[in-house]
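1. Based on what follows, work out the 3D shape:
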Amino acid sequence: MSTIAVLGVGPGLGMSVAQRFAKEGYAVGLVSRSADRHPGYLGALAASGVRAVAVAADLREPGGVARALDEITSELGPVDVVYHGPGAHDLRAPSVGILETAPDDIRRAVAETVEPAAEVAGLVLPAMRSRGSGSLIYVSGLSALVPLPFLGPYAPASGALRTYARTLAAAAAEDGVHVGSLVVGGLIERGDIHQMLTGTDASAPFATLDPDEVADAVWRLASGIEDEVVFDALTQRL
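-> Reported below is the predicted structural model:
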């Protein structure tokens, strides 16, 4: 049985990715900062007969990624696919525009996004390259492709993450490993940020994306059908 590690699971895209791969017969390892919602996630997967484990870990803390992957491997066996899509550290943190962005802001944003991504690669790619198979999917924001000044330091950080993923893909392809880039522009329905912004009004006028459609794209990336998929519901509203 193949195994996917979903690094950064929430009620929106993370769970849609878990369920999409479970449908294909994968065992599922879930990772999020808090274990509060893990029983519900595991219950939903168990109802479909899916073998799954959930780990509470902060992927930005030293050793957090390694510990999470070790726990998943010990329970489910070697990881065949890694989905790297951790959410914002603090959903209510004030935003800073690019004109107000200082060097320290950019260093902090890159440390929160690119450094954990590189740590994941260092942990899983050697085994994948050795056996000649495996997939690693990175999620970045639309500001990696489109100027979005209101995102401040996270715009250049997203660009750096996408470039890292695309460069890693070029290097790993010859060993049979797929590194996919998923670029997301828009609120993921059912996700934490979407729920926070819309509250009880599901008809609020935000540019949204269906997490099940995005999860289908993750499957295509992991299968090597596509190298990069871009979802842009955002610039249509700007």
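2. hey, let's count contacts and neighbours off CA atoms from now on
-> OK.
3. Who are the contact partners of the residue nearest the centre of the chain?
-> Among the residues of the chain, residue 85 comes closest to the average C-alpha position under C-alpha atoms, centre = their mean, at 1.3 Å. By C-alpha atoms under 8 Å, 6 or more residues apart in numbering, residue 85 lies in contact with 6, 7, 8, 9, 14, 138, 139, 140.
4. Can you give me the distance of it to residue 149?
-> Noted for residue 85: a distance of 22 Å to residue 149, by C-alpha to C-alpha, to the nearest Å.
5. By mean pLDDT, flag the weakest helix or strand of the protein.
-> The helix or strand of the chain with the lowest confidence, counting by mean pLDDT, DSSP states H and E, is helix 192-198 at a mean of 53.
6. Beyond it, next helix or strand please.
-> strand 208-209 (DSSP states H and E).
7. ok, that next one: who's next to it in the sheet?
-> Strand 208-209 pairs in its sheet with strand 187-188 (parallel), by DSSP bridges.
8. what distance separates the partner strand from the middle of the whole chain?
-> In terms of C-alpha atoms, centre = their mean, to the nearest Å, the centre of strand 187-188 is set 13 Å apart from its chain centre.
9. Repeat that for stretch 16-25.
-> Put simply, stretch 16-25 sits 15 Å off its chain's centre (C-alpha atoms, centre = their mean).
10. for the record, mean pLDDT for that stretch?
-> The average pLDDT within stretch 16-25 is 95.
11. Then stretch 53-64?
-> Stretch 53-64 comes out at a mean pLDDT of 89.
12. Next, the distance between the ends of that stretch.
-> Note: stretch 53-64 ends 16 Å apart using C-alpha to C-alpha.
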